[in-house]
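J.: here is my input; please provide its structure:
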Amino acid sequence: MSVLKKYPSLECIVDFKCANVLDGFQKSFKIERIEAEKIFNEMLKWMWFCSSPKTTGARVIDAPILIIDEMWHTFILYTKEYFYFCDKFFGHYMHHSPTTSEDLDKYKKLSETDLLESKRTQYELVYDLLGKDTFITWYHEFPEKYSAEKILKIRRR
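T.: Here you go, the predicted model:
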């Protein structure tokens with residue numbers, strides 16, 4: 001059985017709104033609504049990025065964009081909304097694939113040069129496909145505001 005995949009425009013994707021996901025995110029994290037909206041918007045961009053055939057092999061959520069992954073986790077919990085979004089915009093359910101032990105073993109075997117090349121490829125694609133502002137948000141702003149340690153501090157217990 002083949003799946004009909006769609007590749008919507010970025011503009012179409014970022015127009016999607018979902019108050020329930022934002023509410024859920026704010027229940028999990030001490031964060032202002034406007035900031036939750038921004039992170040949701042960046043997560044939508046990430047999903048669009050991952051849907052592009054151009055980005056195959058360059059879709060790693062690394063430390064700078066962990067907050068995007070947190071929002072994605074929240075979105076997935078709202079299964080009706082998430083399924084609707086995926087079906088409407090991509091024509092299929094977009095699975096979230098966490099880093100496996102096998103993936104970690106592969107990364108550990110990479111030389112520093114190969115690892116840097118892999119990151120460079122992803123970063124260049126982000127810049128080329130999503131633009132300078134998104135690149136700055138993901139790889140300069142978010143690491144400062146949402147390091148792993150800072151995410152733990154704003155997580156509600």
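J.: for residue 148, what are its contacts?
T.: 63, 66 (Cβ atoms under 8 Å, 6 or more residues apart in numbering). To be clear about C-beta, it is placed using only N, CA and C from the backbone, and glycine gets the same treatment.
J.: quick one: pLDDT of it?
T.: Residue 148 carries a pLDDT value of 96.
J.: so what's residue 63 up against?
T.: Contacts of residue 63 (Cβ under 8 Å, 6+ apart): 143, 147-148.
J.: got JSON lines for these, with secondary structure and distance to residue 84 too?
T.: Supplementary listing: the contacts of residue 63 in JSON lines, determined by DSSP: H, G, I helix; E, B strand; the rest coil; distance: Cβ to Cβ, whole Å:
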{"residue": "143", "secondary structure": "helix", "distance to residue 84": "32"}
{"residue": "147", "secondary structure": "coil", "distance to residue 84": "33"}
{"residue": "148", "secondary structure": "helix", "distance to residue 84": "31"}
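J.: out of the residues you listed, who's nearest residue 129?
T.: residue 143 (20.0 Å; Cβ to Cβ).
J.: these two touch, right, the closest one and residue 64?
T.: Yes. Using Cβ atoms under 8 Å, residue 143 is in contact with residue 64, at 4.1 Å.
J.: the worst-scoring helix or strand of the chain on mean pLDDT: how far from the chain's middle?
T.: When the helices and strands of the chain are compared on mean pLDDT, DSSP states H and E, helix 101-109 comes out lowest with a mean of 81. Distance of helix 101-109 from its chain centroid, counting by Cα atoms, centre = their mean, to the nearest Å, is 21 Å.
J.: residues in contact with that helix?
T.: Contacts of helix 101-109 (Cβ under 8 Å, 6+ apart): residue 115.
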